[in-house]
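Colleague: Sequence first, then the predicted structure:
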Amino acid sequence: MQADTGSSKELTLGTGRNEPRWSPDGKSIYFAKWGTDGGVTQAQSGIFLLDLRSSAFTKVPGSEGLVHPRFSADHRYLAAVTNFDQNPSQPTRVMLFDTRTQSWREIAHGGLVNTVDWSNDSRDFYYQDILADGQPAFRYSTIANKSDLLVEFGDLLHAGYARCMFLSFAPDGSLVVSLRRNQVNVYRLDLDLP
């Protein structure tokens, strides 16, 4: 929908889980089709761009089986992870696509890795392994070509939280985290039998 005029246009992305997001330049929408949803095969899955002017779809080469895409602000890199739903017994991998070389490379792997987002200067990418001990979050540097631990949530998990999800950064640079407790109670049943 146009913010100034209110006119709208329907965009059809097709079957499968889509996760649509704006491209950094605002000229396209990018999204993922999941190979486990809506009859989408592994070959049909991947990351796609929809050009808003031409309505043409373009598939990112070699993106089959990848989900949770995030473009860097400078549009140089695209990060995504392998689809855990396709093979939960395999570690998920964080993949990085270089738009200049048109090639993917693995930058990390873990039990169940979730993408978070890029820094504003496109130098660092953040991700979290929510099945690893302490549910740690990491920062990958495109300059140093390595990942470093950003934060781990062991203390919060020992205090009774079941899940600590690193979501984003606040405008002042502090972490935005979703904390979830298990909502369970313990009951005792006394049974008087004849």
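Modeller: Right, received. Where do you want to start?
Colleague: ranges for the helices of the protein?
Modeller: 154-158 (DSSP state H).
Colleague: Flag the shaky bits of it, pLDDT-wise.
Modeller: By pLDDT under 70, the weakly predicted segments of the chain are 9-17, 36-38, 86, 89, 183-187, 194.
Colleague: can I assume residue 31 is in contact with residue 45?
Modeller: No. With contact defined as Cβ atoms under 8 Å, residue 31 does not count as touching residue 45 (11.4 Å). Every residue, glycine included, has its C-beta placed from N, CA and C.
Colleague: Which one's more surrounded, the two?
Modeller: residue 45 (24 against 21; other Cβ atoms under 10 Å).
Colleague: Which residues are in contact with that one?
Modeller: By Cβ atoms under 8 Å, 6 or more residues apart in numbering, residue 45 lies in contact with 16, 32-35, 64-66, 83.
Colleague: Mind listing residues that contact stretch 60-69?
Modeller: 17, 19, 21, 30-32, 34-35, 42-43, 45-49, 78-83, 86, 95, 97, 102-104, 114-115.
Colleague: coming back round to it: buried among the contacts of residue 45? Need that as a selection in ChimeraX.
Modeller: Buried residues among the contacts of residue 45 (16 or more other Cβ atoms under 10 Å), as a ChimeraX selection:
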select :16,32,33,34,35,64,65,66,83
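Colleague: out of the contacts of residue 45, who's nearest residue 139?
Modeller: Ranked by distance to residue 139 (Cβ to Cβ), the contacts of residue 45 are led by residue 66 at 20.7 Å.
Colleague: if we can go back for a sec, out of the contacts of stretch 60-69, name the ones that lie in strands.
Modeller: Within those, residues falling in strands by DSSP state E are 21, 30-32, 46-49, 78-82, 95, 97, 103-104, 114-115.
Colleague: Of these, just the buried ones, PyMOL syntax please.
Modeller: Once 16+ other Cβ under 10 Å is used to decide burial, the buried members of those can be selected in PyMOL as follows:
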select buried, resi 30+31+32+46+47+48+49+78+79+80+81+82+95+97+104+114+115
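Colleague: in stretch 50-65, what counts as buried?
Modeller: 50, 60, 63-65.
Colleague: typo on my end, stretch 158-171
Modeller: So, applying 16+ other Cβ under 10 Å, buried residues of stretch 158-171: 161, 164-166.
Colleague: Need the CA coordinates for it. CSV is fine.
Modeller: Output in CSV follows, covering the C-alpha atoms of stretch 158-171 (Å, rounded to 0.1, in the frame of the first residue of the first chain):
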residue,chain,number,x,y,z
HIS,A,158,19.1,-21.6,35.8
ALA,A,159,16.8,-19.0,37.3
GLY,A,160,13.8,-20.7,35.8
TYR,A,161,13.4,-19.5,32.2
ALA,A,162,13.0,-22.2,29.6
ARG,A,163,13.8,-20.1,26.5
CYS,A,164,15.9,-16.9,26.0
MET,A,165,15.5,-15.7,22.5
PHE,A,166,17.8,-12.9,21.3
LEU,A,167,15.5,-10.8,19.0
SER,A,168,17.3,-7.6,18.1
PHE,A,169,18.9,-4.5,19.4
ALA,A,170,17.2,-1.4,20.9
PRO,A,171,18.1,2.0,19.5
